[in-house]
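Undergrad: quick check, what structure comes out for this input:
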Amino acid sequence: MENHLGLVLKVLLLSTLLSLLIKYVAPSLMIPGTNTIALVSVLLPSVILAIALLWRFQRQNKIS
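TA: Numbering: from 1, shown residues only. Below is the predicted model:
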């Protein structure tokens, strides 16, 4: 139970930090509102997650 609470607290803390960065730091960045930027910002999290899961799957198969 203690591990689950720690994980939830870590996710909550990271989520809070990310939301504060988006609210206060992101407006000062001069990022143009183009279609390419929108596409990259939408697809990048999914691509990163797919790469991480593929890497984990390959590591797990090497161990077994």
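
Undergrad: show me what contacts the most centrally placed residue in the chain?
TA: In the chain, the C-alpha closest to the average C-alpha coordinate belongs to residue 45, at a distance of 5.9 Å (Cα atoms, centre = their mean). Counting by Cβ atoms under 8 Å, 6 or more residues apart in numbering, residue 45 touches no other residue. All C-beta spots, glycine's among them, are computed from the backbone N, C-alpha and C.

Undergrad: which helix or strand contains it?
TA: If you go by DSSP states H and E, residue 45 is part of helix 35-63.

Undergrad: state the mean pLDDT of that helix.
TA: For helix 35-63, the per-residue pLDDT values average out at 93.

Undergrad: before we move on, back to that, and the residue nearest to the centre of the chain, how far is that from residue 9?
TA: Counting by Cβ to Cβ, to the nearest Å, the separation of residue 45 from residue 9 is 22 Å.

Undergrad: equivalent analysis for residue 61, please.
TA: Distance from residue 61 to residue 9, counting by Cβ to Cβ: 32 Å.
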